[in-house]
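[1] Here's my sequence, what's the structure:
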Amino acid sequence: MQQQLTHTERRQAKPAEHVHIHRLTVGDLEQVRNHFLRLSSTSRRLRFGRPVSNEFLERYAEALFDAVSIVYGAEIDGVIRGVTEMRGDTTSWSRFAEAAISVEDEFQDRGIGGALLKRLVQAAQNRGVAQLYMICLRENHKMKHLAQKNEAILDYCVDEVEGRITDLHPSFASLFSEWFDEASDYVTSLMTPARK
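    Sure, this is the predicted structure:
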């Protein structure tokens, strides 16, 4: 069993040498499933708002690519260590979409969540999403911090916080940036051996 690092040790750990953020497809399902299963019980509760079982995570991963969604992964040394997703309506994108992020415990506090959210906000802009919202537990300080860094409006409820990133508009820069990132991802995939 892999030894878990303490919060202090994670903060003192060197940043990952190379984090590759790229869009995921159904071909990455096994990697996404394994990522969710590696989340600690605390990270699972913060990500899903309640304790969840392995069976729940397996079903969630399988349904992820069936929905109208965009999924990005943070890959380190060929392994997906962070996942962000944006979901629209059941059949198309609307003016509102929901975002969620998970990063494995050992790889938190390295800027991975911020990099994932940046790609997701860009994708939302380019699909005409006017408002991207995220719901988290009040105690999820990391998610609230990420939302605030992206100028989200935070609404506090009894035990939850809803962050809303508004005024998202596509621009030449956002469209070109996503096109360039997708093209770079494709070239990288051609030059990289198939993932296990």
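[2] Please compute how far stretch 159-169 lies from its chain's middle.
    On the basis of C-alpha atoms, centre = their mean, to the nearest Å, stretch 159-169 is displaced by 15 Å from the centre of the chain it belongs to.
[3] before we move on, what about stretch 76-87?
    Worked out by C-alpha atoms, centre = their mean, stretch 76-87 lies 6 Å from the chain centre.
[4] Next, the buried residues of that stretch.
    Judged by neighbour count (16 or more other C-beta atoms under 10 Å), stretch 76-87 contains these buried residues: 76, 79-87. C-beta here means a position set from N, CA and C on the backbone, and glycine is covered the same way.
[5] could I get the residues you listed as CSV with distance to K118, secondary structure and pLDDT?
    As requested, the buried residues of stretch 76-87 are exported to CSV (distance: C-beta to C-beta, whole Å; DSSP: H, G, I helix; E, B strand; the rest coil; pLDDT from 0 to 100):
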residue, distance to K118, secondary structure, pLDDT
I76, 17, strand, 95
V79, 21, strand, 96
I80, 17, strand, 97
R81, 16, strand, 98
G82, 12, strand, 97
V83, 15, strand, 97
T84, 10, strand, 96
E85, 14, strand, 95
M86, 12, strand, 92
R87, 18, strand, 84
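[6] Low-confidence bits of the chain, can you list those?
    For the chain, the stretches flagged by pLDDT under 70 are 1-17, 89-93, 169-183, 185-196.
[7] What's the separation between the residue nearest the centre of it and F107?
    Ranked by distance to the mean C-alpha position of the chain (C-alpha atoms, centre = their mean), the top residue is T84 at 1.5 Å. Using C-beta to C-beta, to the nearest Å, T84 is found at 13 Å from F107.
[8] And what about I101, helix, strand or coil?
    Under DSSP: H, G, I helix; E, B strand; the rest coil, I101 falls in the strand class.
[9] just the helices in this protein please.
    Using DSSP state H, the helices of the chain run over residues 7-12, 29-38, 41-48, 54-64, 112-126, 141-149, 172-191.
[10] and the closest residue to F56 other than its chain neighbours, how many residues sit next to it?
    Take F56 and drop its neighbours on the chain: the residue closest to it by C-beta to C-beta, 6 or more residues apart in numbering is F48, 7.8 Å away. By other C-beta atoms under 10 Å, the residues close to F48 number 17.
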